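sequence first, predicted coordinates after that:
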Amino acid sequence: MVDGHVVLENSERPRKHDAERVRDVDPAAPIEVTVTLRGPRLPQLDTSNPALSRAELESGYGASAEDLERVGTTLERYGLKVQESSALTRSMRVSGTAAQMEDAFRPGLGIYRSAEGGEFRGREQELQIPAELDGVLTGVFGLDQRRVARRVSSEPQPAPAAVEGLGPSQLEQRYSFPTGSAQGQNVGIAEFGGTYYPDDLSKFCEQHGLQVPQVTVVNVGQQPPPSPSEVQALPEEQRKETEDDSGEVMMDIEIVAGMSQGAQIYVFFSTFDQKGWIDLLNKVISGVPAHTPVLSVSWGLAEDSPDWSKAALQEVNQRLEAAAHMGITVCAASGDDGSGDQVEDHKAHVNFPATSPFVLSVGGTMLASSPAESPQGEGEGEGESASEVVWWNTPGTRSGGGGSTGGGVSVIFQRPAWQTVKVASVNHGAIDGRVVPDIAALAGPPMYDLQILGQRGASGGTSAATPLWASLIARLLAAGKPSQGPTFLPPLLYANAASGQPVGQLGCTDITEGNNISKPHPDKGYRAGPGYDAVSGWGVPNGVQLLAELP
């Protein structure tokens with residue numbers, strides 16, 4: 001104990017690898033943090049039981065009133081103000097000046113400059129908290145604003161007349177989507193940058209003969225996302241970054257709009273730091289502004305990146321677990337940089353939150369006229385009939401001008417009991433961790449036909465495959481499956497159907513060709529084969545068959 005403070009367990013963060021500290025933070029600068037609190041451990045997930053209601057989650061597993069009062073009273077002594085308090089999400093939003101945050105948490109805040117992301121407020125080492133909160137307060141998030149959410153899609157590419165991505169009707173046909181719409185369903189989309197361009201969505205829908213859906217923008221952070229006109233007024237570097245991120249946003253929205261017609265779309269905009277992840281999931285769990293039984297997440301970061309603190313991984317995973325218990329299926333992209341996941345060492349890596357045992361992890365494929373080539377420039381008919389293989393474009397990473405599906409074995413999260421498959425890690429001595437992905441869909445060539453920043457173009461990545469699966473789940477829910485109501489989907493895919501075979505095997509088309517080996521790092525990875533594998537999971541969807549096989 002130092003001056004009435006104790007070290008906050010799992011709060012350690014090293015300096016960002018490419019950053020240097022350039023100055024101290026202004027003591028008067030306003031800061032908002034989210035603090036997380038202890039609560040009862042959730043039971044083992046059992047999809048045969050009804051989903052928990054919010055009232056049941058709060059009363060049985062939320063933070064206690066006594067703990068909320070203790071944290072609030074203690075932090076107010078340091079001049080901090082409680083903006084919001086939630087027993088359901090075990091968290092509080094707290095604001096104050098940088099000087100007050102220093103007094104309360106001892107972060108040693110500074111302004112850092114990074115070649116990757118410019119200037120940001122950051123910290124190093126561990127946090128300290130008032131001793132009377134030891135064991136009660138489990139995390140403090142928002143002091144450090146470094147990025148822990150990156151887009152996992154390929155850059156949009158102009159689509160000349162001879163090279164067109166696949167449109168919604170082609171994808172529906174290819175993946176045998178069940179007839180009908182997603183009328184009455186709510187689909188959530190998580191975004192950590194960019195903004196929404198309504199004109200792009202209108203043009204996309206007009207292109208494909210679709211009705212423009214209702215899109216509700218949900219602001220999670222302190223500032224709403226900029227309007228398209230405000231984006232144009234930003235400084236050039238910031239404008240370019242926002243426009244690039246907006247390509248991700250519009251891809252997500254357009255794929256959901258095209259493949260889950262009739263659904264209400266809720267786009268949650270949050271900040272790309274640890275606080276942003278926790279705040280966004282808190283909003284989803286709270287059902288504000290509406291309950292979303294499926295959430296599409298096309299962002300992530302290597303699970304063992306030093307930019308994550310252990311506390312953040314635990315708190316984000318805990319919220320994903322709560323969502324799963326509520327019957328919410330969070331679909332998470334497995335990444336676009338193959339077995340290396342943008343970590344340049346000699347080990348294989350996998351993307352979080354795709355590695356969480358409480359998400360549906362989505363991998364990527366591409367169309368090929370033979371296992372070794374992709375259908376660059378193929379016509380509409382051939383695009384529908386071409387064979388499908390694991391997505392891999394040389395050298396298997398975006399930094400080398402290519403890309404490949406993420407996939408592999410977690411080094412952090414144990415394999416859940418429901419994941420009844422045997423896949424060994426290529427990392428020597430690694431645990432029998434959670435294997436990703438669970439399933440896959442188109443990510444590589446010929447990609448998706450989209451409207452982005454006023455131009456028709458093609459884009460893809462596992463972050464395109466992810467909203468496709470979210471859309472299919474919305475369609476399945478609208479058709480009455482699973483029959484017991486909204487249910488966390490992954491355990492059902494690994495469970496046996498009446499025939500004795502796994503539902504995922506029966507409801508997906510097996511992908512047996514390809515690998516996700518990133519070169520030059522780590523120059524090892526995972527390969528497809530008959531049945532489940534760590535690059536395409538059970539395979540790509542056969543929606544009609546999946547509808548028939550789900551309980």
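Everything's here; your move.

residues contacting the nearest residue to residue 114 once chain neighbours are set aside?
Nearest-residue entry for residue 114: residue 19, 4.1 Å, with adjacent residues in sequence omitted and distances by CB to CB, 6 or more residues apart in numbering. (C-beta placed from N, C-alpha, C; glycine too.) Contacts here follow CB atoms under 8 Å, 6 or more residues apart in numbering; on that basis residue 19 touches 112-114, 120, 122, 146.

among these, which one sits closest to residue 292?
Closest approach to residue 292 among the contacts of residue 19 (CB to CB): residue 146, at 27.9 Å.

look up how far residue 120 lies from the closest one.
6 Å (CB to CB, to the nearest Å).

which neighbours do the two share?
19, 112, 114.

reformat the residues you listed as TSV; add secondary structure and distance to residue 524.
Shown next, in TSV, are those (DSSP: H, G, I helix; E, B strand; the rest coil; distance: CB to CB, whole Å):
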residue	secondary structure	distance to residue 524
19	strand	30
112	strand	34
114	strand	29
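
could those residues go into JSON lines alongside distance to residue 204 and pLDDT?
Shown next, in JSON lines, are these (distance: CB to CB, whole Å; pLDDT from 0 to 100):
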{"residue": "19", "distance to residue 204": "38", "pLDDT": "93"}
{"residue": "112", "distance to residue 204": "39", "pLDDT": "96"}
{"residue": "114", "distance to residue 204": "35", "pLDDT": "90"}
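
who touches residue 304 in this structure?
343, 349, 411-412 are the contacts of residue 304 under CB under 8 Å, 6+ apart.

now residue 210
Per CB under 8 Å, 6+ apart, neighbours of residue 210: 168, 204, 257-258, 261.

do residue 365 as well
Going by CB under 8 Å, 6+ apart, the list of residues near residue 365 reads 388-391, 405, 440-444, 465, 511, 514, 536, 540.

of those residues - the most surrounded one?
residue 405 (39 neighbours; other CB atoms under 10 Å).

secondary structure element for residue 69, which one?
helix 65-76 (DSSP states H and E).

taking helix 65-76 as reference, get the angle to the helix or strand following that helix.
The first helix or strand that comes after helix 65-76 along the chain, using DSSP H and E, is strand 81-86. Going by axes from the mean of the first three to the mean of the last three CA atoms, to 10 degrees, strand 81-86 is angled at 160 degrees with respect to helix 65-76.

and the following helix or strand past strand 81-86, how far from the chain's centre?
Helices and strands here follow DSSP H and E; after strand 81-86, the next one along the chain is strand 91-97. Put simply, strand 91-97 sits 25 Å off its chain's centre (CA atoms, centre = their mean, to the nearest Å).

give me the contact list for strand 91-97.
By CB under 8 Å, 6+ apart, strand 91-97 touches 27-37, 63, 68, 71-72, 75, 78-86, 104, 278-279, 282.

against which helices or strands is the next helix or strand after that strand packed?
Following strand 91-97 in sequence order, the next helix or strand is helix 98-105 (DSSP H and E). Counting by 3 or more CB pairs under 8 Å, 6 or more residues apart in numbering; DSSP states H and E, the packing neighbours recorded for helix 98-105 are strand 30-37, strand 128-130.

and the first one, which strands flank it?
Taking DSSP bridges as the criterion, strand 30-37 sits next to strand 91-97 (antiparallel), strand 137-141 (antiparallel) in its sheet.

what mean pLDDT does that strand have?
Mean per-residue pLDDT for strand 30-37: 98.

among the contacts of residue 365, which are in helices?
Secondary structure of these is defined by DSSP state H; positions in helices are residue 465.

pretty sure residue 328 sits against residue 292.
Yes. Counting by CB atoms under 8 Å, residue 328 touches residue 292, with 6.9 Å between them.

please enumerate the shared neighbours of these two.
By CB under 8 Å, 6+ apart, the residues touching both residue 328 and residue 292 are residue 284.

in the helix holding residue 69, what's buried?
By 16 or more other CB atoms under 10 Å, the buried positions in helix 65-76 come out as 67-68, 70-72, 74-75.

can you list the domains in the protein?
Split into domains by automatic domain parsing, the chain comes to 5-141, 150-549.

ranking those by burial, who's on top?
Across the domains of the chain, averaging neighbours per residue (mean count of other CB atoms under 10 Å) puts domain 150-549 on top, at a mean of 21.

off-centre distance for that one?
Per CA atoms, centre = their mean, the centroid offset for domain 150-549 relative to its chain is 8 Å.

check what pLDDT the residue nearest to residue 51 when sequence neighbours are not counted gets.
Ranked by CB to CB, 6+ apart and with sequence neighbours excluded, the top spatial neighbour of residue 51 is residue 327, at 3.2 Å. According to the prediction, residue 327 has pLDDT 97.

for the one 4 residues further on, same thing?
Taken from the predicted model, the pLDDT recorded for residue 331 is 98.

likewise for the one 4 residues further on?
The predicted local confidence for residue 335 comes out at a pLDDT of 96.

quick check: it touching residue 353?
No. Applying CB under 8 Å, one finds residue 335 not in contact with residue 353, separated by 10.9 Å.

for these two, list the residues in contact with both.
residue 300.

ok, now which ones touch residue 24?
109-111.

what is the nearest of the residues you listed to residue 231?
Scanning the contacts of residue 24 for proximity to residue 231, where the rule is CB to CB, the winner is residue 111, at 24.7 Å.

does that closest one count as helix, strand or coil?
Following DSSP: H, G, I helix; E, B strand; the rest coil, the label given to residue 111 is strand.

once you drop chain neighbours, what's closest to it?
Counting by CB to CB, 6+ apart, the residue nearest residue 111 is residue 23, at 5.0 Å.

secondary structure element for that neighbour?
strand 19-24.

so what's the gap between that strand and the chain middle?
Distance, centroid of strand 19-24 to centroid of chain: 30 Å (CA atoms, centre = their mean).

strand partners of that strand, parallel vs antiparallel please.
Using DSSP bridges, the strands paired with strand 19-24 are strand 110-114 (antiparallel).

I'd like to know the average pLDDT value across stretch 484-493.
The model assigns stretch 484-493 a mean pLDDT of 94.

dump the C-alpha coordinates for it into PDB.
This file holds the C-alpha atoms of stretch 484-493, laid out as PDB (Å, rounded to 0.1, in the frame of the first residue of the first chain):
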ATOM      1  CA  GLN A 484     -37.000 -21.700 -28.100                       C
ATOM      2  CA  GLY A 485     -36.400 -18.100 -29.100                       C
ATOM      3  CA  PRO A 486     -33.200 -16.000 -29.500                       C
ATOM      4  CA  THR A 487     -30.400 -18.300 -28.300                       C
ATOM      5  CA  PHE A 488     -26.600 -18.000 -28.500                       C
ATOM      6  CA  LEU A 489     -25.900 -19.900 -31.700                       C
ATOM      7  CA  PRO A 490     -22.400 -21.400 -31.500                       C
ATOM      8  CA  PRO A 491     -23.100 -24.300 -29.100                       C
ATOM      9  CA  LEU A 492     -26.000 -25.300 -31.300                       C
ATOM     10  CA  LEU A 493     -23.700 -25.700 -34.300                       C
END
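
and the helices in this structure, which stretches?
Counting by DSSP H, the helices of the chain are 54-61, 65-76, 98-105, 168-174, 198-207, 228-232, 236-259, 274-286, 310-325, 380-385, 462-478, 490-494, 503-507, 543-549.

including distance to residue 395, could those go into a markdown table?
A markdown table is the format used below for the helices of the chain (distance: least, CB to CB, whole Å):
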| stretch | distance to residue 395 |
| --- | --- |
| helix 54-61 | 45 |
| helix 65-76 | 49 |
| helix 98-105 | 43 |
| helix 168-174 | 28 |
| helix 198-207 | 32 |
| helix 228-232 | 33 |
| helix 236-259 | 22 |
| helix 274-286 | 30 |
| helix 310-325 | 29 |
| helix 380-385 | 25 |
| helix 462-478 | 17 |
| helix 490-494 | 31 |
| helix 503-507 | 30 |
| helix 543-549 | 34 |
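
among the ones you listed, which is nearest residue 400?
helix 462-478 (17.2 Å).

who touches residue 451 in this structure?
200-201, 203-204, 207, 250, 254, 457.

cool, thanks, signing off.
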